[in-house]
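[1] Give the three-dimensional model of this entry:
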Amino acid sequence: MKIKFLIVLLILLVLPTVMEAQCAMCRAVVESESDGKTAEAINNGIVYLMVIPYILIAGLFYFIYKKMRG
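    Numbers count the residues shown, from 1 in each chain. I've put the predicted structure just below:
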């Protein structure tokens, strides 16, 4: 049990560094722009990509709920 906890803790401590390293190109593009439109577009794209799975899952749960209720 302690070994699993330590492995998970280690992964969580290392993961943010790995994730930050994966976005070097996005960071370079956003930092090079002075007007901020690129940063806004990237943020909108991230929100769009994040929302779609939640809508699909909510629709699936709604469909299951309606089927179970009758």
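[2] Could you use CA atoms for every contact and neighbour count after this?
    Fine.
[3] Please parse the protein into its domains.
    Using automatic domain parsing, the domains assigned to the chain come out as 1-32, 34-70.
[4] JSON lines for the ones you listed, including mean neighbour count?
    Output for the domains of the chain, formatted as JSON lines (neighbours: other CA atoms under 10 Å):
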{"stretch": "domain 1-32", "mean neighbour count": "11"}
{"stretch": "domain 34-70", "mean neighbour count": "11"}
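[5] where among the ones you listed is the average confidence lowest?
    Considering the domains of the chain one by one, the lowest average pLDDT is found for domain 1-32, at a mean of 74.
[6] Which stretches in this structure count as helices?
    Secondary structure of the chain by DSSP state H: the helices cover 2-21, 24-32, 37-69.
[7] any idea how far residue 61 is from residue 31?
    If you measure residue 31 against residue 61 using CA to CA, to the nearest Å, the figure is 40 Å.
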